[in-house]
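In: Here is the input, now give the coordinates:
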Amino acid sequence: MSDKNKKDKPGKIYSDNNFKVSNKKIGRRRSRRRKEGIKIGIAVLGIIALLVIGTKVIFNSRSVTDASDEKENVVKMEGKKETPKPKPDDIIPNSNVTYEGDKYAVNAVDVKTMLEGKYPGEDKIVFLTFDDGPSPNTDKVLNTLSEKGVHGTFFMLGERIAESDEAKERVKKVIKNGNAIANHSYTHNMKKLYPHNKVDVQTFMNEYHQTNDLLKSVLGDEFNATVVRMPGGYNSRQYYKDPNLPALNEAFDKEGIVSIDWNALDGDAEGKPYTNEQMMNYVKSSSKGLHKVIILMHDTYGKEKTAEILPQIIDYFKEQGYEFKTIKNADNDTPADVSATNNKEQANTK
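Out: Predicted structure coming up:
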């Protein structure tokens, strides 16, 4: 067959057409692939964008949380700064002693039990108590207590406190030195407090509040004294079988007040011209055989001898092996405990 005949064969023409069709198909495939690639690219970009946005959200959330935690920690730290640790000479809220003074203070209910001779144990304890102050003699007493390293309980009169700024400064010094302060009425006026030898409950309670309010004004609202010594002693009301004692006990119970008397004394209230030696002998004889001693003394005007012999009194009890304690409020007891204590006293008057 000649070359011309070969060129004119139909098969050659079909093959060229087929090639053209194939190219079109390939082009369409490439176009589809490009579109699919673009779609995939867009999808990938979308996923990346979502990941970026999600990361930012998580980061921002953590940042907010961290900021919140930091703020909370700052608030906590600020809160701690607002409530500093109490100082040793700060008064315990609703108390008659400081944080330091509380270390050697005994609950008034326990002291009452000691006076009744019913407190368990053979430990020797002495309570130095001073009535009717403050006065210039209080300064001498405080100096001796500090020098000897012991403390006392001061039953103060409102009238004495109100006398001068010097008196108020003495009040502050008494408690700052670690001593206890208790209430001894405002006037100490027996005729006013016990008309016709019967306690006027309303008058007595008014004077108690008047003195307590005055002490608060000097020492701060944290102070509160529910330890009381009645002028002449609660035991004098028992001795005279005072018919108003039940009403007084009820008033005491209502406010958690405990009345504290004494079982030994130095004789400075006897009105007799005792010598220092006689007063010292009085202390020894009145406390003889007692393991729990609550000794009555005075730091008011005209009681210079008590201030003079106080070093000897302290040395004597130290030599006998006594611990020195003060008397604090019975505020940690339930009202029932206080009530039971006052009811025992009432029963003794019958």
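In: quick one: the strands in the chain?
Out: 105-107, 125-133, 153-156, 180-183, 227-228, 258-259, 264-265, 292-298, 323-328 (DSSP state E).
In: Save these as JSON lines, and put in mean pLDDT and mean neighbour count too.
Out: Every C-beta, even on glycine, is put in place using the N, C-alpha and C of the backbone. Shown next, in JSON lines, are the strands of the chain (pLDDT from 0 to 100; neighbours: other C-beta atoms under 10 Å):
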{"stretch": "strand 105-107", "mean pLDDT": "98", "mean neighbour count": "20"}
{"stretch": "strand 125-133", "mean pLDDT": "99", "mean neighbour count": "26"}
{"stretch": "strand 153-156", "mean pLDDT": "99", "mean neighbour count": "28"}
{"stretch": "strand 180-183", "mean pLDDT": "99", "mean neighbour count": "28"}
{"stretch": "strand 227-228", "mean pLDDT": "99", "mean neighbour count": "24"}
{"stretch": "strand 258-259", "mean pLDDT": "98", "mean neighbour count": "24"}
{"stretch": "strand 264-265", "mean pLDDT": "98", "mean neighbour count": "20"}
{"stretch": "strand 292-298", "mean pLDDT": "99", "mean neighbour count": "23"}
{"stretch": "strand 323-328", "mean pLDDT": "99", "mean neighbour count": "23"}
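In: Please convert the ones you listed to a markdown table, extending it with distance to Glu277.
Out: Putting the strands of the chain into a markdown table (distance: least, C-beta to C-beta, whole Å) gives the following:
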| stretch | distance to Glu277 |
| --- | --- |
| strand 105-107 | 31 |
| strand 125-133 | 20 |
| strand 153-156 | 26 |
| strand 180-183 | 30 |
| strand 227-228 | 32 |
| strand 258-259 | 32 |
| strand 264-265 | 16 |
| strand 292-298 | 16 |
| strand 323-328 | 23 |
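In: what's the closest of those to Glu308?
Out: Nearest to Glu308, of all the strands of the chain, is strand 292-298, at 11.6 Å by C-beta to C-beta.
In: Quick one: list the elements packing against that closest one.
Out: helix 108-115, strand 125-133, strand 264-265, helix 276-287, helix 304-319 (3 or more C-beta pairs under 8 Å, 6 or more residues apart in numbering; DSSP states H and E).
In: distance of Tyr274 from Asn263?
Out: Separation of Tyr274 from Asn263 (C-beta to C-beta, to the nearest Å): 19 Å.
In: before we move on, what about Ala330?
Out: For Ala330, the distance to Asn263 - C-beta to C-beta - is 19 Å.
In: do the same with Ile125
Out: Using C-beta to C-beta, Ile125 is found at 12 Å from Asn263.
In: list residues touching both of these two?
Out: Taking C-beta atoms under 8 Å, 6 or more residues apart in numbering as the criterion, Ile125 and Asn263 both touch 292-293.
In: List the contacts of stretch 139-154.
Out: Stretch 139-154 is contacted by residues 101, 104, 127-130, 133-134, 138, 170, 173-174, 177-182, 227, 299, 304, 306-307, 310-311, 314-315, 318, 324-327 when judged by C-beta under 8 Å, 6+ apart.
In: in it, what's buried?
Out: Across stretch 139-154, burial judged by 16 or more other C-beta atoms under 10 Å covers 139-142, 144-145, 148, 150-154.
In: follow-up on the earlier one: among the strands of the chain, which comes closest to Arg237?
Out: Using C-beta to C-beta, the nearest of the strands of the chain to Arg237 is strand 258-259, at 9.2 Å.
In: if we can go back for a sec, which of the helices and strands packed on strand 292-298 sits closest to Tyr234?
Out: Among the helices and strands packed on strand 292-298, helix 108-115 comes nearest to Tyr234, with 9.8 Å by C-beta to C-beta.
In: Looking only at neighbour counts, state which of Ala330 and Asn263 leads.
Out: More crowded of Ala330 and Asn263, by other C-beta atoms under 10 Å: Ala330, with 22 against 18.
In: May I ask which helix or strand of this protein has the lowest mean pLDDT?
Out: Ranking every helix and strand in the chain by mean pLDDT, DSSP states H and E puts helix 3-7 at the bottom, with a mean of 44.
In: Please name whichever of the helices and strands packed on strand 292-298 is nearest to Ile40.
Out: helix 108-115 (88.7 Å).
In: Kindly provide the whole-number mean pLDDT of that closest one.
Out: Helix 108-115 shows a mean pLDDT of 98.
In: to the chain's geometric centre, what's the distance from it?
Out: With C-alpha atoms, centre = their mean, to the nearest Å as the basis, helix 108-115 stands 23 Å off its chain's centre.
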